[in-house]
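Trainee: mind looking at a prediction? Sequence and model below.
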There are 4 protein chains.
Amino acid sequence: MKQQTQELTSCIQQSFDLQGLMEHWDAKLISVKEGEVVIALPYSEKITQQQGGFHGGAMGAIADIAVGCAGLSVAPERIEVTTVEYKINFLAAFQSGQLQAKGEVVKRGKRLIITKAIVTHIAENGKVSDCALLQQTLIPVDKTYE
Amino acid sequence: MKQQTQELTSCIQQSFDLQGLMEHWDAKLISVKEGEVVIALPYSEKITQQQGGFHGGAMGAIADIAVGCAGLSVAPERIEVTTVEYKINFLAAFQSGQLQAKGEVVKRGKRLIITKAIVTHIAENGKVSDCALLQQTLIPVDKTYE
Amino acid sequence: MKQQTQELTSCIQQSFDLQGLMEHWDAKLISVKEGEVVIALPYSEKITQQQGGFHGGAMGAIADIAVGCAGLSVAPERIEVTTVEYKINFLAAFQSGQLQAKGEVVKRGKRLIITKAIVTHIAENGKVSDCALLQQTLIPVDKTYE
Amino acid sequence: MKQQTQELTSCIQQSFDLQGLMEHWDAKLISVKEGEVVIALPYSEKITQQQGGFHGGAMGAIADIAVGCAGLSVAPERIEVTTVEYKINFLAAFQSGQLQAKGEVVKRGKRLIITKAIVTHIAENGKVSDCALLQQTLIPVDKTYE
């Protein structure tokens, strides 16, 4: 297990920075603990649906990435994780501010890692609202990058 | 029900064009029938995960949009649809070419529309492979744009 | 909303008692609060899979019922709830003792109720272990029984 | 792969017969092909919900078993399968007749098997209606029975 907090953060940041999707959307890694990672996605035209709100597909993507990073944070050295499947329920829609997805590891198995995430909306005035709930399955794979 | 094919296509295209997420990824609406819509997403740096492949979150998003459009294609006049939830299983990963998501309506209820999608990869040499499988729930809502 | 605790419990107990599946399995309603219900399922030959453990289908069923009861506990008078869909992840398998499913309401909307459940195993020696995690969608319907 | 049809059927029948859940519900194995299995569940008081219809949890259970058997039918010798997770959408409710769940393998991987099922209702007059749709993930495990 990656025990040093700084080493852990740098491992997750490296994986995050390799994701073109996250860069394109100006998403940021907000916090990293062992088994818990928070990601932020600012509102922009790059992530809207037809009514001008955050797209459900974008919420699903950041929630999937938050739990993927959480899973990676508990994986052994030189092991990467990949998503087997996820399921997301939407709770509310918003058209400005930012989303934060908090991913958590529920079970860290050798063959499978089970995770969950909550996506919250943070309005420009600071108001926090629940937006989406995700449940996900990860599988460990060999790391293919340094 | 929107009975004329041309009118149907133009209604779905309008909803699709309003989605900033689709525009910024250079996604295209490929075909529209009543209850079945196909969307294409070309490979680019905007949709990659840390290993350079199509991001699962991006696959989830285009599958969600394909079924959303399929649901919209069977909705009454002046009714829009919004995603209640979706679940996606990943079957394979690819690093080039394009993805196509075919969304289909399974049940068109008054209160809920149930859909499914298959995402396939089309390689530059034309080879077609299954990539992901989605199951989704939509709810009809009043249309908020013209 | 059903505000009196005793009235609430009796409403949920009535719905529970009408479920032949619960009676057949000797399942019990353990606790009822507004938005949170716990159900217990004892180990028996009626719920085993091929390796002699609690069947995943049985875990899914009691989790679905726990969240259904939780949803019902926040529904208006003369309104029943019905399951739109659920998704369950399995965390561990057990061959004796009992399961307890705790269902909780995540969002009480007018048109949809979103819930989650955790299923835990309680061994004969009292040891508690997480077994399964569920996420579910309910829809309000008119009550068809007194 | 289990190539002889008779040997395949007998392997699946053996696993099915070991499931107390199936025996107590009077469920039957209807047909077995490599990668596709059909199971029938007759209506009885053992599987009802509060409105007297087939319980969603029972539909989920037989769908899970149908896909589990389908997964087992493509697994190597001495390998059993266990459910990682499943997700089910309900399409209609019925109060008599029987349900049939057809499980199919979508992807047979070495580390994971992805499946889907459709549950249909067969009325006493022979009318067939779609009831539920399931998507599921299996993982191969060592067989613990002969």
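Mentor: Nice, I can see it. Numbers count the residues shown, from 1 in each chain, chains lettered A, B, ... in the order given.

Trainee: going forward, measure contacts and count neighbours with C-alpha atoms only.
Mentor: Noted.

Trainee: quick one: contacts for the closest residue to A:Ala123 other than its chain neighbours?
Mentor: Closest residue in space to A:Ala123, ignoring its immediate chain neighbours: A:Gly97 at 4.6 Å, by CA to CA, 6 or more residues apart in numbering or on different chains. Residues counted as contacts of A:Gly97 (CA atoms under 8 Å, 6 or more residues apart in numbering or on different chains) are A:Pro42, A:Tyr43, A:His121, A:Ile122, A:Ala123, A:Glu124.

Trainee: distance between the ends of stretch A:11-31?
Mentor: Using CA to CA, to the nearest Å, one end of stretch A:11-31 lies 13 Å from the other.

Trainee: how far is stretch A:13-25 from where the chain is centred?
Mentor: 11 Å (CA atoms, centre = their mean, to the nearest Å).

Trainee: before we move on, what about stretch A:102-115?
Mentor: 13 Å.

Trainee: ok, now stretch A:44-60?
Mentor: 16 Å.

Trainee: can you tell me if that stretch touches chain B.
Mentor: Yes - remark: stretch A:44-60 sits within contact range of chain B at A:45-52, A:55-58, A:60, by CA under 8 Å from any CA of the partner chain.

Trainee: contact partners of that stretch?
Mentor: Contacts to stretch A:44-60, defined as CA under 8 Å, 6+ apart, come from residues A:25, A:43, A:88, A:90, A:93-96, A:99, A:119, A:132, A:134, B:15-21, B:23-24, B:57-58, B:60-62, B:64-65, B:83, B:144-145.

Trainee: now do the same end-to-end measure for that stretch.
Mentor: Taking CA to CA, stretch A:44-60 runs 16 Å from one end to the other.

Trainee: can you check stretch A:90-104 too?
Mentor: Stretch A:90-104 end-to-end distance (CA to CA) = 18 Å.

Trainee: kindly report the same for stretch A:32-47.
Mentor: OK, stretch A:32-47 end separation, CA to CA: 24 Å.

Trainee: related to what we said a few turns ago, among the contacts of A:Gly97, which are in strands?
Mentor: Residues of these located in strands (DSSP state E): A:Pro42, A:His121, A:Ile122.

Trainee: out of the residues of stretch A:44-60 next to chain B, which is most surrounded?
Mentor: A:Gly60 (31 neighbours; other CA atoms under 10 Å in any protein chain shown).

Trainee: wait, is it part of a helix?
Mentor: Yes - under DSSP: H, G, I helix; E, B strand; the rest coil, A:Gly60 sits within a helix.

Trainee: near chain C, which residues of chain A? Just list them.
Mentor: Counting by CA under 8 Å from any CA, the residues of chain A near chain C are A:Lys87, A:Asn89, A:Leu91, A:Lys107, A:Ile114, A:Gln135.

Trainee: please name the nearest non-neighbouring residue to the fourth one.
Mentor: So that's A:Lys107. That would be A:Ile114: by CA to CA, 6+ apart, it lies 5.0 Å from A:Lys107.

Trainee: point out where chain A drops to low pLDDT.
Mentor: Counting by pLDDT under 70, chain A contains low-confidence ranges at A:1-4, A:145-146.

Trainee: kindly reformat the residues of stretch A:44-60 next to chain B as TSV containing secondary structure and distance to D:Leu72.
Mentor: Below are the residues of stretch A:44-60 next to chain B laid out as TSV (DSSP: H, G, I helix; E, B strand; the rest coil; distance: CA to CA, whole Å):
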residue	secondary structure	distance to D:Leu72
A:Glu45	helix	47
A:Lys46	helix	44
A:Ile47	helix	41
A:Thr48	strand	43
A:Gln49	coil	41
A:Gln50	coil	43
A:Gln51	coil	45
A:Gly52	coil	46
A:His55	coil	38
A:Gly56	helix	35
A:Gly57	helix	33
A:Ala58	helix	36
A:Gly60	helix	31
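
Trainee: chain A: strands as residue ranges?
Mentor: A:28-33, A:36-42, A:79-90, A:98-108, A:113-122, A:128-142.

Trainee: so which of those strands is nearest B:Val128?
Mentor: Nearest of the strands of chain A to B:Val128, taken as CA to CA: strand A:79-90 at 20.6 Å.

Trainee: tilt between the closest one and strand C:113-122?
Mentor: 130 degrees (axes from the mean of the first three to the mean of the last three CA atoms, to 10 degrees).

Trainee: how about strand A:79-90: buried residues?
Mentor: Residues of strand A:79-90 classed as buried: A:Glu80, A:Val81, A:Thr82, A:Thr83, A:Val84, A:Glu85, A:Tyr86, A:Lys87, A:Ile88, A:Asn89, A:Phe90 (neighbour count, 16 or more other CA atoms under 10 Å in any protein chain shown).

Trainee: with stretch A:118-127 instead?
Mentor: Quick answer for stretch A:118-127 (16+ other CA under 10 Å): A:Ile118, A:Val119, A:Thr120, A:His121, A:Ile122.
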